[in-house]
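Participant: Sequence and predicted structure below; questions after.
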Amino acid sequence: MSLVRLNIKGISYSQTQNGAYALILNEVDGDRKLPIVIGAFEAQSIAIALEKEIRPPRPLTHDLFKNFADRFDIVVKQVIIHKLVDGVFYSSLICERDKIEEIIDARTSDAIALALRFQAPIFTYKNILDKAGIYLKVNPKKDEEEEDSILVDDLIAEEIESAAIEQEGYKDKTLDELHKLLEEAVANEDYEKAAKIRDEISKR
């Protein structure tokens, strides 16, 4: 399977999930966008990493990881979003120390926050982009003007949000099925997935 490189396009506040954000990744050699729903803390951490002028007074969790890795000569070489199951993206950190490479499982939001701090490239597989990638109807001129902006234009936020929610795969589930999925997610300590299922139950 061929890898496709992604850049960070921006962050959009979620219109339907309270306290959640949609991170938009852009295909480097194409026009498709990959929206990923992330939590508020991870969105803040990514936004701070994108805004070079912002320096938190104390290290955030991802800054601490970076400082720890630097101290022990560990480098994150790249991030790969390698799997999409029930609307949840799975990622890996490709790390290296003393010329020995290790692959570490990570939540996609954490992986991207770290990729920014290590200036590591972000990739996904073509089949994932084919499945979850979307084309946004953005005014090209306006897109160029706002290229350096972290927050995505509100006019396209709703389209991003609806595309991200469609990836969740929970709309066709009954309430009983959703409650069962919620219990499984909590048992597996997959709190990101549990939060999404809880939000879908709340909407019902």
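Facilitator: Structure received.

Participant: Does residue 80 touch residue 91 like I think?
Facilitator: Yes - between residue 80 and residue 91 there is a contact under Cβ atoms under 8 Å: 6.5 Å. (C-beta placed from N, C-alpha, C; glycine too.)

Participant: who's more crowded, these two?
Facilitator: Between residue 80 and residue 91, residue 91 has the larger neighbour count (other Cβ atoms under 10 Å), namely 24 against 19.

Participant: In contact with that one, which residues?
Facilitator: Residue 91 makes contact with 79, 80, 81, 82, 105, 106, 107, 108, 111, 112, according to Cβ atoms under 8 Å, 6 or more residues apart in numbering.

Participant: Buried ones only from the residues you listed, please, as a ChimeraX command.
Facilitator: Listed next is the ChimeraX selection for buried residues among the contacts of residue 91, using 16 or more other Cβ atoms under 10 Å:
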select :79,80,81,82,106,107,108,111,112
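
Participant: Domain map for the chain?
Facilitator: Here the domain assignment for the chain is 3-169, 170-204, based on automatic domain parsing.

Participant: which one of those is the most hemmed in?
Facilitator: Ranked by mean neighbour count, the domains of the chain are led by domain 3-169 with a mean of 17 (mean count of other Cβ atoms under 10 Å).

Participant: Not counting the helix or strand containing residue 82 itself, show me its contacts.
Facilitator: Assigned by DSSP states H and E, residue 82 falls within strand 75-85. When contacts are defined by Cβ under 8 Å, 6+ apart, strand 75-85 is touched by residues 3, 6, 34, 69, 89-97, 101, 106, 108, 111-112, 114-115, 118, 120-125, 128, 131-132, 167.

Participant: That's all I had, so thanks and see you.
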